[in-house]
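Visitor: I'll drop the sequence and a predicted model, then ask my questions.
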Amino acid sequence: MNVIVGSDHAGWPAKENIIRYLYSLGYEVFDVGSFDDKPVDFPDVARELCSKVLKNEAYRGIMICGTGVGASIACNKQRDIRASVVHDIYTAHQCVEHDNVNVMCIGAQIIGQWLVKDLIRSFLEARFSVDKVYRRRVEKLAKLESL
């Protein structure tokens, strides 16, 4: 399975370790940037990442910025993307199970590399619940995009 990974300059230092970890889990990784520590605008990277997720070029996306907040806002501006800031294990799997999140946003300046691995594994192994209540809620989220 493919995972799309992107970052801004604040997330770039953490991204290389994340990519290595994804490879160790057996995932194919497509890196949409940034590729160094020079300042970039995270919405541009988020747009590229989400575009590939929406075209089914990837199973899920992981976007890394300083706090995860800007990345989450940028990703959620795009139709059919459900992005969540993830800084704890419960949220990493619950956001997929209940809300069918397809992009995890990580704050590289918030969490350490020791926790990132657990978050990634939890996020990528989670599956959207078959429970009707969660499916109904996600359908209502999709309807909000047309307002």
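Guide: Yep, that arrived.
Visitor: Touching the host helix or strand of residue 94 from outside, list them.
Guide: Secondary structure from DSSP states H and E places residue 94 in helix 89-99. When contacts are defined by C-beta atoms under 8 Å, 6 or more residues apart in numbering, helix 89-99 is touched by residues 82, 84, 86, 101, 104, 118-120, 122-123, 125-129, 134, 137-138, 141. Every residue, glycine included, has its C-beta placed from N, CA and C.
Visitor: switch to 6 Å and redo it
Guide: The contact list for helix 89-99, computed with C-beta atoms under 6 Å, 6 or more residues apart in numbering, reads 82, 84, 86, 101, 118, 119, 122, 123, 126, 129, 134.
Visitor: continuing past that helix, what's the next helix or strand?
Guide: Following helix 89-99 in sequence, per DSSP H and E, is strand 103-107.
Visitor: Quick check: can you name the pairing partners of that following strand and their directions?
Guide: Sheet neighbours of strand 103-107, with direction, are listed as strand 60-65 (parallel), strand 83-85 (parallel) (DSSP bridges).
Visitor: burial measure for the closest residue to residue 1 other than its chain neighbours, as a count.
Guide: With C-beta to C-beta, 6 or more residues apart in numbering as the criterion, residue 1 has its nearest non-adjacent residue at 4.2 Å, and that residue is residue 59. Other residues within reach of residue 59, judged by other C-beta atoms under 10 Å, total 14.
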